[in-house]
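A.B. asks: Sharing a sequence plus its predicted fold:
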Amino acid sequence: MALAAQVVEAMTTQGFFYVINHGYTSEETNKMFAIGNLTFDGVPDEEKKLYMGDPVQTGSYEGYKPLQFWVIDQFAC
């Protein structure tokens, strides 16, 4: 139960969490990151713009944001 609360806290305040000591090798972990990164590197910029998020205007962090986009100081954390 405590672990679940930590995951919820991480997802609601930071937006992500990272699991360690899971038993995967560095090679396996790198492969998983490479697969996940295809959604960013393997999609043309024109298509990414279709799913662009604008947290300043909408108040939501949902959607694609380009590198170094974040403007977090306008939101209470």
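C.D. replies: Yes, it's here.
A.B. asks: ok, the residue nearest to residue 10 when sequence neighbours are not counted to residue 68 distance?
C.D. replies: With sequence-adjacent residues excluded and distances taken as C-beta to C-beta, 6 or more residues apart in numbering, residue 10 is closest to residue 17, at 3.9 Å. Heads up, the C-betas are built off the backbone N, CA and C, glycines and all. For residue 17, the distance to residue 68 equals 22 Å [C-beta to C-beta, to the nearest Å].
A.B. asks: what's the answer for residue 22, then?
C.D. replies: 30 Å.
A.B. asks: go on, residue 50?
C.D. replies: Taken as C-beta to C-beta, the span from residue 50 to residue 68 is 20 Å.
A.B. asks: Who has more neighbours out of those two?
C.D. replies: residue 50 (9 against 5; other C-beta atoms under 10 Å).
A.B. asks: Give me the phi and psi for the more buried one.
C.D. replies: phi -60, psi -20 (degrees, to the nearest 10).
A.B. asks: now swap in residue 35 and tell me
C.D. replies: Here residue 35 shows phi and psi, under degrees, to the nearest 10, equal to phi -60, psi -50.
A.B. asks: Counting neighbours, what do you get for it?
C.D. replies: Residues lying near residue 35 (other C-beta under 10 Å) number 10.
A.B. asks: Tell me who's in contact with it.
C.D. replies: Shown here is residue 35, which makes no contacts under the criterion C-beta atoms under 8 Å, 6 or more residues apart in numbering.
A.B. asks: which sections of the chain are below the confidence cut-off?
C.D. replies: 70-77 (pLDDT under 70).
A.B. asks: Fine by me, we can end here.
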